[in-house]
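Enquirer: one predicted model, sequence on top.
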Amino acid sequence: GQQVMQIPQYQHVQEGEDFTTYCNSSTTLSNIQWYKQRPGGHPVFLIQLVKSGEVKKQKRLTFQFGEAKKNSSLHITATQTTDVGTYFCAGPLSSGSARQLTFGSGTQLTVLP
Amino acid sequence: NAGVTQTPKFQVLKTGQSMTLQCAQDMNHEYMSWYRQDPGMGLRLIHYSVGAGITDQGEVPNGYNVSRSTTEDFPLRLLSAAPSQTSVYFCASSARWGAADHYEQYFGPGTRLTVT
């Protein structure tokens, strides 16, 4: 079945360093979403990418959607302790009539002060 | 708006017991879903609904039932709890489902369930 793979599973960075998480799908995605979950919290929507090659920025966060629409990345510049959490990508399952989002396993980011 | 609310926040069950996790949203969203989250496995879809009276199975539906009698409510029932159902359960809603439409999911705060 369709899978969304995410790497790395864990990442520890020193505050001020950059961070990147990668998401790869076994099939072409019509769009991809990114969510952030703080420790002990619930996932919170960050952004949706729809177009091939799309790049969107939110302050220090840069999101990219691959040309083939099978991969995506989230890059954080100059991490801060407020960036701590787990970042998930999610893509829509498109087989038959299924209307589901498939989530990656997430990248847990730790920022050391 | 309260958004998506879930009750209870914490629950301990014994093996074989049944219970219902409650989920409600006040945003008039068509699409609602239940996920379970286990360490290292991300969020896995249990059941979802695209509107009142319509439900369908997700990736891991065994041991769970749902119903959607109103737009607002989407309860999840555990029929006979097992230790493998120890997890954090999240309910989510979105305005609609569309292949390329914007359908941001709003998550509730979660229910932390332990089955002994």
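Expert: In hand now; what should we look at?
Enquirer: contact residues of chain B facing chain A?
Expert: B:31, B:33, B:35, B:40-45, B:48, B:50, B:56, B:58-59, B:90, B:92, B:97, B:99-100, B:102, B:104-110 (Cβ under 8 Å from any Cβ of the partner chain). Bear in mind the C-beta positions are built from the backbone N, C-alpha and C, glycine included.
Enquirer: could you flag which of these are buried?
Expert: B:31, B:33, B:35, B:42-45, B:48, B:50, B:56, B:58-59, B:90, B:92, B:97, B:105-110 (16 or more other Cβ atoms under 10 Å in any protein chain shown).
Enquirer: can you pull out the helices in chain A?
Expert: For chain A, applying DSSP state H gives no helices.
Enquirer: which residues pair with the residue most central in space within chain A across the strands?
Expert: When chain A is reduced to its mean C-alpha position, the nearest residue by Cα atoms, centre = their mean turns out to be A:C89, at 3.7 Å. A:C89 forms beta bridges with A:W34, as assigned by DSSP bridges.
Enquirer: which residues touch it?
Expert: A:V4, A:Q6, A:T21, A:C23, A:I32, A:Q33, A:W34, A:Y35, A:S72, A:L74, A:F103, A:G104 (Cβ atoms under 8 Å, 6 or more residues apart in numbering or on different chains).
Enquirer: can you tell me how far it is from A:Y35?
Expert: To A:Y35, A:C89 is 8 Å away according to Cβ to Cβ, to the nearest Å.
Enquirer: beta partners for the most centrally placed residue in chain B?
Expert: With distances taken as Cα atoms, centre = their mean, B:W34 lies nearest the centre of chain B, 2.4 Å away. Per DSSP bridges, residues listed as beta-bridge partners of B:W34: B:H47, B:C91.
Enquirer: touching, it and B:Q6? I think so.
Expert: No: counting by Cβ atoms under 8 Å, B:W34 sits too far from B:Q6 to count as a contact (9.8 Å).
Enquirer: so what sits against both of the two?
Expert: Shared contacts of B:W34 and B:Q6 (Cβ under 8 Å, 6+ apart): B:L21, B:C23, B:Y89, B:F90, B:C91.
Enquirer: hmm, back to that, could you dump the contacts of A:C89 into TSV with neighbour count, pLDDT and distance to A:K56 added?
Expert: Output for the contacts of A:C89, formatted as TSV (neighbours: other Cβ atoms under 10 Å in any protein chain shown; pLDDT from 0 to 100; distance: Cβ to Cβ, whole Å):
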residue	neighbour count	pLDDT	distance to A:K56
A:V4	25	89	19
A:Q6	22	95	18
A:T21	24	98	15
A:C23	28	97	14
A:I32	27	92	11
A:Q33	25	93	12
A:W34	24	97	10
A:Y35	25	97	15
A:S72	26	98	11
A:L74	24	98	10
A:F103	24	91	20
A:G104	27	92	18
